[in-house]
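J.: show me how the following folds:
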Amino acid sequence: MLYRVNEQAAALYQRYLLESPKAEEARAYLERRGVPAAAIKDFRLGYAPDPGAAGWSFATSHLQGLRLPVTVVEKAGLAVKKEHGGYYDRFRDRLLFPIQDLTGQVVAFGGRILGDGQPKYMNSPESPVFNKGRLLFGLYRHREAIRRRRQAIVVEGNFDLLLLAVHGIDNVVAPLGTALTRDHIRLLRGYCDEVVLLFDGDSAGLKAAMRSVPFFLAEQVDARVALLPEGHDPDSLIRDKGAAEIEKLVAGSGPLAEFVFDTLARRYGLTLAGKNHIINELREIVQAGGDSAQRSLMVAHFSDKLGIAPAQFLAGVHEARPPERREEEAGPQRPFPESLSRKQRQLVDFMLLYPEFLEELLAAGGAEVVRETAGMEIISCLQELTATGPVTPDRLLSALPGESERRYTAELLINSGGSGGEEFEQEGRRLCDELLAWLHMARRRQDGADLMRQINEAQEDGDQDVLMRLLERKMAMGQT
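T.: Residues are numbered from 1 along each chain as shown. All right, here's what the predicted structure looks like:
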């Protein structure tokens, strides 16, 4: 029923735009913007009249006349219920863009006001058939062009898309009043390998670009940025220099992550304080990367551009430390973590990644298992940190005693991909239970070895009473 309501509304709005004398202003507006009649029909553009010309319930009354329940019209977002009863149209004095799902059915509308009212742009509210975070305007119409070129251009608004399409650039989509979501990028991944963001580079554009970087990395889609010249939008640039200038910008687009870095560097500078600001902005992007190889490459790349060691990227840039060194650092660097056994290393790694389980593991004998100096120092460091607050990457890397431990821990944190959440916690619980079982077995083996040593000593001393008690203990251990 919702699909039928939206389809009938689209037909009504377009018929009014094309035929009504009261839509002359809307037709003149489209002509001034360079939108031909063929594009109006292709995109099924419509016009919702001003209440002064057609009343407050123009569309609602028409749809009710087609025996469509007004409650369904309301659910579709086309009618708004009055406080004291009755309904009025949501869209008034607006040029309307029907929004289609991937099957081509109209599920919502985007409207641009022609007068001075606010908001300037407005979309239908979400409904059972319309989710803004999972649909892109123009994808249904342009999917074949996007698939053919293996590239999608993302613009900020419906009108930008319309004007580019009018000038022959048809691999274009636009979000519906939201920033790009991971669902959007997953949608595009089914049609192309590369996405080019075309925007004017203002602060809002940068924020939107930064929010989308982790999604592109996670979906392994190549994201690039084509920056419009200052003072231009796609419409004005096409009018001044033609569609070829847009094509040139797209062809010369640069990597999204590089654009974000360069913009932050211009904003904050590359002073010590500036680098810390940049690292804080980029750290979330890196940790949300698609896989360990991507994260490591990004850290290496950004660290090189900042002129810092990769391990400092997660720790932040700090003032130079005093020249004094710990006594044990004066000699050759300890061979950490090679000196740990495989299982000891698993235990230390887990404590670094999941410090919330530290006390549980220590109570089960975790500290007794790790006897190598650097490993013991890491455990001691973690104990001090957990006693004074949450163990963040910044605090951890700043507190670790040696360079080799800091470097190893930074790489471990980068490659882990852990960023919190229910799945991360569940995986931590599972791994902790496995380590607890191993610690229990290790403690039993150690207790058994200690008991055998005592039995041997009692035999050598000829102390039969002690020997009998020890043998009884050994038998009891074998039964548990």
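J.: which residue packs closest to residue 59, ignoring adjacent ones?
T.: In space, and not counting its chain neighbours, residue 59 is closest to residue 89: 4.9 Å by Cβ to Cβ, 6 or more residues apart in numbering. Just so you know, the C-beta spots here come from the backbone N, C-alpha and C atoms, and that holds for glycine as well.
J.: per-residue confidence at the one you found?
T.: In the prediction, the pLDDT value recorded for residue 89 is 94.
J.: measure it to residue 239 for me?
T.: 33 Å (Cβ to Cβ, to the nearest Å).
J.: so between these two, which is more surrounded?
T.: residue 89 (24 against 13; other Cβ atoms under 10 Å).
J.: quick one: contacts for that one?
T.: 48, 51, 56, 57, 58, 59, 60, 78, 79, 80 (Cβ atoms under 8 Å, 6 or more residues apart in numbering).
J.: cutoff 7 Å now
T.: 48, 56, 57, 58, 59, 60, 78, 79 (Cβ atoms under 7 Å, 6 or more residues apart in numbering).
J.: out of those, what pair is the most spread apart?
T.: Spatially, the most separated pair among those is 56 and 78, at 12.8 Å (Cβ to Cβ).
J.: how far away is residue 375 from residue 363?
T.: For residue 375, the distance to residue 363 - Cβ to Cβ - is 18 Å.
J.: for residue 141, same thing?
T.: Counting by Cβ to Cβ - residue 141 and residue 363 are separated by 62 Å.
J.: likewise residue 343?
T.: 18 Å.
J.: who has more neighbours, the two?
T.: residue 343 (14 against 11).
J.: that one and residue 438 touch, don't they?
T.: Yes - the criterion here is Cβ atoms under 7 Å, and residue 343 meets it with residue 438 at 6.5 Å.
J.: three-state assignment of the closest residue to residue 237 other than its chain neighbours?
T.: Using Cβ to Cβ, 6+ apart and skipping residues adjacent in sequence, the residue nearest residue 237 is residue 245, 5.7 Å away. For residue 245, the assignment made with DSSP: H, G, I helix; E, B strand; the rest coil gives helix.
J.: again, but for residue 116
T.: coil.
J.: number of residues surrounding it?
T.: Per other Cβ under 10 Å, the neighbour tally for residue 116 reads 7.
J.: so for residue 330, what's the pLDDT?
T.: Reading off the model, residue 330 has pLDDT 39.
J.: same check, this time on residue 339
T.: Confidence at residue 339, expressed as pLDDT, is 61.
J.: wait, residue 400 touches residue 408, no?
T.: No - the pair residue 400 / residue 408 is not scored as a contact, 9.0 Å apart, by Cβ under 7 Å.
J.: higher neighbour count, these two?
T.: Neighbours of residue 400 and residue 408, each counted by other Cβ under 10 Å, are more numerous for residue 400; the result is 24 against 21.
J.: helices along the stretch 301-450 of the chain, start to end?
T.: Taking DSSP state H, counting those that start in this stretch as the test, the helices found in the stretch 301-450 of the chain are 310-315, 342-353, 358-363, 366-369, 373-388, 393-399, 403-416, 422-461.
J.: residue 84 is nearest to which of these?
T.: Among the helices of the stretch 301-450 of the chain, helix 422-461 sits nearest to residue 84 (Cβ to Cβ), with 45.2 Å.
J.: returning to that earlier point: residue 56 and residue 78: which has the busier surroundings?
T.: Shown here are residue 56 and residue 78; by other Cβ under 10 Å, residue 78 has more neighbours (29 against 15).
J.: identify the residues contacting that one.
T.: 5, 9, 59, 60, 89, 90.
J.: what separates stretch 341-351 from the chain centre, distance-wise?
T.: Centre-to-centre, stretch 341-351 and its host chain are 30 Å apart (Cα atoms, centre = their mean, to the nearest Å).
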